[in-house]
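S.K.: Take this sequence and fold it.
(2 chains)
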Amino acid sequence: MKISRIYAVFLRQIYLLKGSPARLVPVFVWIVLDVAQWGFISKYLGGLGLGSFNFISVILGAIILWGFLSRVQHGVMMAFLEDIWAPNFLNYFASPLKIGEYLLGLSLTSIATAICGFLAMIVLAGAAFGYNIFKLGLILLPFILILFLFAIGMGIFISAVIFRFGPAAEWLGWPIPVILAIFSGVYYPIRTLPVAMQWLSKLVPSSYVFESLRAVLAGNGSGELAVNLTIGGALAFVYFFAAYKFFIRVYRHNLQNGMLARFGAEIG
Amino acid sequence: MSLKEVLKVEGLTKEYQTLKAVDDVSFTINAGEIIGLLGPNGAGKTSIINMILGILEPTGGTIQAFGLDLKKHRSECSQRMNFAAVYAHLPPNLTVRQILTVFGLLYSVPNLKEVIKNLLIKFDLQKFADVRAGVLSSGEASRLSLAKAVINNPHLLLLDEPTASLDPNVAKEIRGQIKDYAKNKQAAVLWTSHNMKEIEAVCDRVLFLSHGKILLSGDPRRLPAEYGKNDLEELFIALANKPVSFANHHTL
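M.R.: Predicted coordinates for the structure are as follows:
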């Protein structure tokens, strides 16, 4: 691994953002809309006087964390798509750049943009609804790490699918966070789901984060919390590793059938 | 592999299901030598270049660059080679300076700012330094491709139709720059082109390909006479029309 090559991939994406501020819009617009919409819904539900349940804390906390996961996954995919649209693969992969360095460069780009979006959400949630996610304390750190690892894995996985089937497969990447949100229990406890879906949600690392978030806010047991986060973290790592291996496999497949060399021409 | 030998290709083959794009191709290139890779469309020239670049996996054969097996040492070999191809566009949404910066980092070029400054002067790109590559003319884009191709001082330069679609004046200028580079740096150059006058002017040796095989090789200024033709273009046309009559005239 060479830092200069990882930095080159990162820098190319930063140049793109710098050269076209329109690219920054999706980094902020959707998450701002999410916070605004769910903030007002939570405020309304809170005003109905439904017991001691704090809607703002539970819903906005979940929305901010989910926004972070979505931005990271889309960030990796978008950075990859920029190289497909350019097209830039031929120049990249004929250079000394290694696959691991390339993926790390893409991941760094998505971390940078996701952190910007995360900060924007925190500021907006604080200013408009008086919500401070940092009140969760240090438990926020494992939450973010699990979501981050899972999101990077998903981003690499969908990039590999696009790499394998061509740019037409791009549409598969957009609804992934929405589908995962159903099984992750972002907006409701997992027990709300039918039993079969509850079993599926056990395979989704983010479901452990959102169940834990609700448990923390409800002041429930720390023993179960540690088990949940360990399972979530282990699953996130397994998916991340599997996605990386899948990308390498697709790269080798494209190397053999000439797709890597022809990729630019295929979409040109 | 001798010290002067920069590239050694042996028995190189590429098959796509029923199609044999490259068929048992062998050749070497020495330091400072410019080799022309000629042949009609679909002869296998670009496949050979792509396999040397490491972006296409051969079905058979070996490629040794700088004494290293390319399959085992792709990244190390790529560090010492570079390429420019008419179809390998550089990112159109980055400026000339940004492109050279990104590729300079990819090739871990030391003193990058200084190197870029010199390349901008050498390839007459100073006034376009902060212009996006997508709005450059063909000539300017070719000069940028070439600047990118020599940014790491490669010992092996692969050029796939570097002067295609350029006006004669710019093409001549580009040819001059590549010849100077090969001579001054003692770099090996593999060059494909459909312009036979260009090949005669630039190349020390040519390899004629047809249906994935090298049919004949030699000095581009002497080959036509050896085969009873007036010039390289006439030889090219004869070879493209009746490749069978030229079979097995190639030696390493």
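S.K.: Get me the contact residues on the stretch 51-200 of chain B for chain A.
M.R.: B:53-57, B:75-76, B:78-79, B:83, B:85, B:87-95, B:98, B:101-103, B:105-108, B:132, B:148 (C-beta under 8 Å from any C-beta of the partner chain). Just so you know, the C-beta spots here come from the backbone N, C-alpha and C atoms, and that holds for glycine as well.
S.K.: Which of those fall within helices?
M.R.: Of these, the ones assigned to helices by DSSP state H are B:53, B:75-76, B:78-79, B:98, B:101-103, B:105-106, B:148.
S.K.: Buried among those residues? Make that a PyMOL selection.
M.R.: Those of those that count as buried under 16 or more other C-beta atoms under 10 Å in any protein chain shown are selected in PyMOL with:
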select buried, chain B and resi 53+78+79+98+101+102+103+105+106+148
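S.K.: The residue in the stretch 101-250 of chain B that chain A sits nearest to: what's it in contact with?
M.R.: Closest to chain A within the stretch 101-250 of chain B is B:Leu105: 3.6 Å, counting by C-beta to the nearest C-beta. Counting by C-beta atoms under 8 Å, 6 or more residues apart in numbering or on different chains, B:Leu105 touches A:4-5, A:7-8, A:11, B:112.
S.K.: Please enumerate the strands of the stretch 101-250 of chain B.
M.R.: For the stretch 101-250 of chain B, the strands defined by DSSP state E, counting those that start in this stretch occupy B:156-160, B:188-192, B:205-210, B:213-218.
S.K.: Looking at chain A, which helix is longest?
M.R.: If you go by DSSP H, chain A has its longest helix at helix A:222-257.
S.K.: about what we covered before: with secondary structure, neighbour count and distance to B:Gly67 as extra columns, can I get the contacts of B:Leu105 in CSV?
M.R.: Converted to CSV, those look like this (DSSP: H, G, I helix; E, B strand; the rest coil; neighbours: other C-beta atoms under 10 Å in any protein chain shown; distance: C-beta to C-beta, whole Å):
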residue, secondary structure, neighbour count, distance to B:Gly67
A:Ser4, helix, 17, 25
A:Arg5, helix, 24, 23
A:Tyr7, helix, 18, 30
A:Ala8, helix, 24, 27
A:Leu11, helix, 21, 33
B:Leu112, helix, 17, 28
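S.K.: which bits of chain A sit near chain B?
M.R.: Counting by C-beta under 8 Å from any C-beta, chain A comes close to chain B at A:2, A:4-5, A:7-8, A:11-12, A:15-16, A:19-20, A:86-88, A:90-98, A:252, A:255-258, A:260-261, A:264-265.
S.K.: List buried residues within those residues.
M.R.: Listed as buried from the residues of chain A next to chain B are A:2, A:4-5, A:7-8, A:11-12, A:15-16, A:86-88, A:90-98, A:255, A:258, A:260-261, A:264; burial here means 16+ other C-beta under 10 Å.
S.K.: ok, back up a step: quick check, pLDDT for the residue of the stretch 101-250 of chain B closest to chain A.
M.R.: With respect to pLDDT, B:Leu105 scores 97.
S.K.: repeat for the one 4 residues further on
M.R.: pLDDT for B:Val109: 96.
S.K.: correct me, but it touches B:Pro154?
M.R.: No. In this structure B:Val109 lies outside contact range of B:Pro154 using C-beta atoms under 8 Å: 11.0 Å.
S.K.: Name the residue in the two with the higher neighbour count.
M.R.: More neighbours surround B:Pro154 than the other of B:Val109 and B:Pro154, with 22 against 19 (other C-beta atoms under 10 Å in any protein chain shown).
S.K.: was I right about the more buried one contacting B:Ala187?
M.R.: Yes. Counting by C-beta under 8 Å, B:Ala187 is a contact partner of B:Pro154 at 6.3 Å.
S.K.: Tell me where the model's unsure across the chain.
M.R.: Reading this off chain A. A:49-53, A:221, A:263-268 (pLDDT under 70).
S.K.: My question was about chain B, not that one.
M.R.: Applying pLDDT under 70 to chain B flags residues B:1-3, B:244-252.
S.K.: For the biggest helix by length in it, which residues meet the burial criterion?
M.R.: In chain B, with assignment by DSSP H, the single longest helix is helix B:168-185. If you call a residue buried by 16+ other C-beta under 10 Å, then helix B:168-185 has these buried ones: B:170-171, B:173-175, B:177-178, B:181-182, B:185.
S.K.: So what's the residue count around residue 239?
M.R.: Reading this off chain A. Other residues near A:Tyr239 come to 21 when the count uses other C-beta under 10 Å.
S.K.: Actually, chain B is the one I wanted.
M.R.: B:Leu239: 23 surrounding residues under other C-beta under 10 Å.
S.K.: who are the neighbours in contact with it?
M.R.: Residues near B:Leu239 by C-beta under 8 Å, 6+ apart: B:39, B:208, B:210, B:215-216, B:246.
S.K.: ok, residues contacting stretch B:5-17?
M.R.: Here stretch B:5-17 makes contact (C-beta under 8 Å, 6+ apart) with A:257-258, B:1, B:20-31, B:44, B:47-48, B:51-52, B:56, B:58-66, B:155-156, B:187-188, B:190, B:212.
S.K.: same thing with stretch A:111-131?
M.R.: Defining contact as C-beta under 8 Å, 6+ apart, one finds that stretch A:111-131 is touched by A:10, A:14, A:17, A:27-28, A:31-32, A:34-36, A:39, A:42-43, A:56-57, A:60-61, A:63-64, A:67-68, A:71-72, A:75, A:132-134, A:148, A:151.
S.K.: go on, stretch A:14-27?
M.R.: With contacts defined as C-beta under 8 Å, 6+ apart, stretch A:14-27 is touched by A:71, A:74, A:78, A:82, A:109, A:112-113, A:116-117, B:93-95, B:98, B:102, B:132.
S.K.: what about 7 Å?
M.R.: The contact list for stretch A:14-27 (C-beta atoms under 7 Å, 6 or more residues apart in numbering or on different chains) reads A:71, A:82, A:113, A:116-117, B:93-94, B:98.
S.K.: just the CA coordinates of it, formatted as PDB?
M.R.: Taking Å, rounded to 0.1, in the frame of the first residue of the first chain, the C-alpha atoms of stretch A:14-27 are listed here in PDB:
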ATOM      1  CA  ILE A  14     -12.000  16.300  -4.100                       C
ATOM      2  CA  TYR A  15     -11.100  18.000  -7.300                       C
ATOM      3  CA  LEU A  16     -14.400  16.900  -8.800                       C
ATOM      4  CA  LEU A  17     -16.300  18.400  -5.800                       C
ATOM      5  CA  LYS A  18     -14.300  21.600  -6.000                       C
ATOM      6  CA  GLY A  19     -14.800  21.900  -9.700                       C
ATOM      7  CA  SER A  20     -18.500  21.400  -9.600                       C
ATOM      8  CA  PRO A  21     -20.200  22.600  -6.400                       C
ATOM      9  CA  ALA A  22     -23.500  21.000  -7.700                       C
ATOM     10  CA  ARG A  23     -21.900  17.700  -6.600                       C
ATOM     11  CA  LEU A  24     -22.000  18.900  -3.000                       C
ATOM     12  CA  VAL A  25     -25.800  19.400  -3.100                       C
ATOM     13  CA  PRO A  26     -26.700  15.700  -2.600                       C
ATOM     14  CA  VAL A  27     -24.200  15.600   0.300                       C
END
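S.K.: What residues of it count as buried?
M.R.: Neighbour-count burial for stretch A:14-27 flags A:15-17, A:23, A:27 (criterion: 16+ other C-beta under 10 Å).
S.K.: so which of those comes closest to A:Leu103?
M.R.: Nearest to A:Leu103 out of these is A:Leu16 (C-beta to C-beta; 17.5 Å).
S.K.: and the angle for the one helix or strand that closest one maps to with helix B:96-106?
M.R.: A:Leu16 is part of helix A:3-19, with elements assigned from DSSP states H and E. Angle between the axes of helix A:3-19 and helix B:96-106 is 160 degrees (criterion: axes from the mean of the first three to the mean of the last three C-alpha atoms, to 10 degrees).
S.K.: distance between helix A:3-19 and the chain's centre?
M.R.: Counting by C-alpha atoms, centre = their mean, to the nearest Å, helix A:3-19 is centred 20 Å from the centre of its parent chain.
S.K.: Many thanks, have a good one.
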